[in-house]
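A.B. asks: What would the 3D arrangement of this be:
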Amino acid sequence: MTLTTDDMYREVMTIDPPTAASPDERARRDRLFSELWAAPGLSRRERRWVTLVCVGYDTDQQAMDDHVYAALNSGDISLEEMLEFILHFAVYCGWPKASRMEMVVREKWTVIRQERGEEVTDWPVLSNESLGENDWEARLQRGEQEFRDVNLVSAPARNTPFQQAGILNFVFGHMWQRPGLSRRDRRFITVACVGVCEAPMPILSHVGSAQHSGNVTRPEMDEIVRHFTAYAGETKGAALAKAVEDDVLGQMLANR
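C.D. replies: Sure, this is the predicted structure:
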């Protein structure tokens, strides 16, 4: 049975839909929930990653509140996974935006627990073991390997603080290796992040590596672009779509 727009809204947002304020609002809701969220090609969880990046980067507080609540309340994304998402989001979209997102997660998780009649407790303190390898040379070497595995190109030299301490030591020496999210999850998050930031080289790199690694198929990437465009806008969506079509990394790999 085909779900109505309102039914699909309830499935995604986990609340009853408010009355549409105008015919335009109703039409937009139809496009988002009857056409986009109901479409095959990506799971609802995967669509949530793309959406969370878009609303987290934007300045629409209501949209962020609503989608964080829905992602957690639906069970599509656990609290632990959401907190890992925030760390990944911080690296690619900025620490201030991630700080705001984590504040919303704290607020909405408390609301959900209260609505369920559950005790609201403090989050547990994390152990230092979760920070990974503390032998710096071993960590950098592992970061170089992870960089190659993720990006499918050679790792950068250790000749700037950005590349040594940031990229090799933390981003690939630690973050991409954390067990809280799969590499496929991180691909969805990263592609959306570089898209909202309108970062030309990272867009080309991560769109290409997501596909040529086998983590994301071309039809799935097309669906990511479609979902991303609905939440990030036509201009950013067009830039992401162009990177998919140009497939610069694919050309580089073919010419090796």
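A.B. asks: Show the backbone phi and psi for Pro17.
C.D. replies: Backbone geometry at Pro17, expressed as degrees, to the nearest 10, gives phi -70, psi 140.
A.B. asks: That one contacts Asp6, doesn't it?
C.D. replies: Yes: using CB atoms under 8 Å, Pro17 makes contact with Asp6 at a distance of 5.0 Å. Every C-beta, even on glycine, is put in place using the N, C-alpha and C of the backbone.
A.B. asks: buried ones in the helix or strand containing Glu144?
C.D. replies: Secondary structure assigned from DSSP states H and E places Glu144 in helix 136-151. Buried residues in helix 136-151, counted by 16 or more other CB atoms under 10 Å: Arg139, Leu140, Arg142, Gly143, Glu144, Glu146, Phe147, Val150, Asn151.
A.B. asks: So which residue is dead centre in this protein?
C.D. replies: Residue closest to the mean C-alpha point of the chain, counted by CA atoms, centre = their mean, is Ile189 at 2.3 Å.
A.B. asks: Which pLDDT does the model give that residue?
C.D. replies: Note for Ile189: predicted pLDDT of 98.
A.B. asks: helices or strands up against the helix or strand hosting it?
C.D. replies: Assessed by DSSP H and E, Ile189 sits inside helix 183-197. Using 3 or more CB pairs under 8 Å, 6 or more residues apart in numbering; DSSP states H and E, the elements in contact with helix 183-197 are helix 44-57, helix 79-93, helix 200-212, helix 218-232, helix 234-246.
A.B. asks: Around the residue lying closest to Val12 once chain neighbours are set aside, how many other residues sit close by?
C.D. replies: Closest residue in space to Val12, ignoring its immediate chain neighbours: Trp37 at 5.1 Å, by CB to CB, 6 or more residues apart in numbering. For Trp37, the neighbour count with other CB atoms under 10 Å is 22.
A.B. asks: Quick one, grab the pLDDT at Trp37.
C.D. replies: 97.
A.B. asks: looking at the helices and strands packed on helix 183-197, which is closest to Gly166?
C.D. replies: Minimum separation from Gly166 across the helices and strands packed on helix 183-197 (CB to CB) falls at helix 79-93, 8.8 Å.
A.B. asks: packing partners for that closest one?
C.D. replies: Helix 79-93 packs on helix 44-57, helix 61-74, helix 95-115, helix 183-197, going by 3+ CB pairs under 8 Å, 6+ apart.
A.B. asks: Nearest to Thr2 among the helices and strands packed on helix 183-197 would be which one?
C.D. replies: From the helices and strands packed on helix 183-197, taking CB to CB, the stretch that ends up closest is helix 44-57, at 16.2 Å.
A.B. asks: So which bits of that closest one are buried?
C.D. replies: In helix 44-57, counting by 16+ other CB under 10 Å, buried: 44, 46-57.
A.B. asks: quick one: contacts of it?
C.D. replies: 11-12, 36-37, 63-64, 66-68, 70-71, 74, 76-77, 85, 89, 93, 97-98, 100-101, 185, 188-189, 191-193, 196-197, 224, 227-228, 231-232 (CB atoms under 8 Å, 6 or more residues apart in numbering).
A.B. asks: One more pass at 6 Å, please.
C.D. replies: For helix 44-57, the surrounding residues in contact (CB atoms under 6 Å, 6 or more residues apart in numbering) are 63-64, 67, 71, 76-77, 89, 93, 101, 188-189, 192-193, 196, 227-228, 231-232.
A.B. asks: likewise stretch 11-24?
C.D. replies: Against stretch 11-24 from outside (CB under 6 Å, 6+ apart): Asp6, Tyr9, Arg26, Trp37, Ala70, Asn73, Ser74.
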